[in-house]
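Asker: Could you work out the structure for the sequence below:
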Amino acid sequence: MTLIYGISSGKVTASVILSFVVFFAFNFPANQIMDSRGMRISFIIGTSLYFIGTFFYVLINKSYNFVIVGTFLIGAGQPFLINSPAKVAAFWFFP
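Answerer: Coordinates of the predicted model:
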């Protein structure tokens, strides 16, 4: 990305770090929503955030700031989807 779009490697690294920070920040609220609202709402929220974030990634030719926004949205949507299998297993194989 640094050669093609003329972006410093620091900005590329910042977008990766942002994804992890946002994932950690949204992890606990996502679990709360999964427990209170259910898995269906969790899938809808996570998929919607992924879709909108991916749309912002497509706009990289306009500005790299769209990638930062897309990374934030995808990082926010990850806990809603990645934590779901553990919740399903916990409910399904309850002792």
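
Asker: From here on, just use CA atoms for contacts and neighbour counts.
Answerer: Noted.

Asker: Check what contacts the helix or strand containing residue 72 and list those residues.
Answerer: Element membership for residue 72 (DSSP states H and E) is helix 65-82. If you take Cα atoms under 8 Å, 6 or more residues apart in numbering as the criterion, helix 65-82 is touched by 15-16, 18-23, 26-27, 30-31, 34, 42-43, 45-50, 52-57, 59-60.

Asker: Any of those buried? List them.
Answerer: Taking 16 or more other Cα atoms under 10 Å as the criterion, what is buried in the contacts of helix 65-82 is 15, 18-19, 22-23, 26-27, 30-31, 34, 42-43, 45-47, 49-50, 53-54, 56-57.

Asker: Identify those among those residues that sit within helices.
Answerer: Among the buried ones among the contacts of helix 65-82, the members falling in helices (DSSP state H) are 15, 18-19, 22-23, 26-27, 30-31, 34, 42-43, 45-47, 49-50, 53-54, 56-57.

Asker: still on that earlier bit, what is the subsequent helix or strand relative to the helix holding residue 72?
Answerer: Where DSSP H and E defines the elements, the next helix or strand beyond helix 65-82 is helix 84-92.

Asker: next one: that next one to chain centre, how far?
Answerer: Mean C-alpha position of helix 84-92 versus that of the full chain (Cα atoms, centre = their mean, to the nearest Å) differs by 20 Å.
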